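Chemist: Take a look and give me a structure for this.
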Amino acid sequence: MPKLTCLCGENINLSPIPNPQGFKLVWEPLREKLIEEIINAYSKAQSESEFEDFLYKLLYPSQREFPQVYECPNCYRLAVFASAADTKPRFWYQQELAREKTDSICSILEISPDEDKTQPAQSLVTSEPQNTPLLR
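Modeler: I've put the predicted structure just below:
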């Protein structure tokens, strides 16, 4: 079972997929490019499965992945990996100022460590199709 030991001594379990302590870091200029590529792929896709295949290739690239970040559930330090396949963090960030002692990235996203870790508190995608056309 892969794990990461935080500088505070806490073990972070890296096995769960999706990992409740894991995040992908997306640079804002890259986010804009991703949005453009998604819109372009949507307009060109001949089927739902073709569009889905493109999205997986875009969001899970074989080269130059998004940096992977893990948050320690004890001290809230962030371990930053250049790639999810790396064996050691590139660097660590320690939380300095927080409004509350329990503030963490997970708490900002309203995901409690005691909740079902496979389900976000709020769904980002609706199951009902929307009649909103894409902006072109």
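
Chemist: got the buried residues for the longest helix anywhere in the chain?
Modeler: Longest helix in the chain by number of residues (criterion: DSSP state H): helix 28-44. Buried residues in helix 28-44, defined by neighbour count with 16 or more other C-beta atoms under 10 Å: 34, 38, 41. To be clear about C-beta, it is placed using only N, CA and C from the backbone, and glycine gets the same treatment.

Chemist: With stretch 100-109 instead?
Modeler: 104, 106-107.

Chemist: May I have that stretch as PDB, with CA atoms only?
Modeler: Extracted in PDB, the C-alpha atoms of stretch 100-109 (Å, rounded to 0.1, in the frame of the first residue of the first chain):
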ATOM      1  CA  GLU A 100      -9.700  28.300  12.100                       C
ATOM      2  CA  LYS A 101      -7.500  25.500  13.400                       C
ATOM      3  CA  THR A 102      -9.300  23.000  11.200                       C
ATOM      4  CA  ASP A 103      -9.000  25.000   7.900                       C
ATOM      5  CA  SER A 104      -7.700  22.800   5.100                       C
ATOM      6  CA  ILE A 105      -8.100  22.500   1.300                       C
ATOM      7  CA  CYS A 106     -10.600  19.700   2.000                       C
ATOM      8  CA  SER A 107     -12.700  22.000   4.300                       C
ATOM      9  CA  ILE A 108     -12.700  24.800   1.700                       C
ATOM     10  CA  LEU A 109     -14.200  22.300  -0.800                       C
END
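
Chemist: picking up where we left off before, could I get the average pLDDT for the next helix-or-strand element following the longest helix of the chain?
Modeler: Using DSSP states H and E, the helix or strand that follows helix 28-44 in sequence is helix 48-59. Helix 48-59 comes out with an average pLDDT of 89.

Chemist: any idea of the angle helix 48-59 forms with helix 28-44?
Modeler: 160 degrees (axes from the mean of the first three to the mean of the last three C-alpha atoms, to 10 degrees).

Chemist: And the strands in this structure, which stretches?
Modeler: Listed in chain order, the strands of the chain (DSSP state E) span residues 3-5, 11-13, 22-24, 68-71, 78-81, 91-93.
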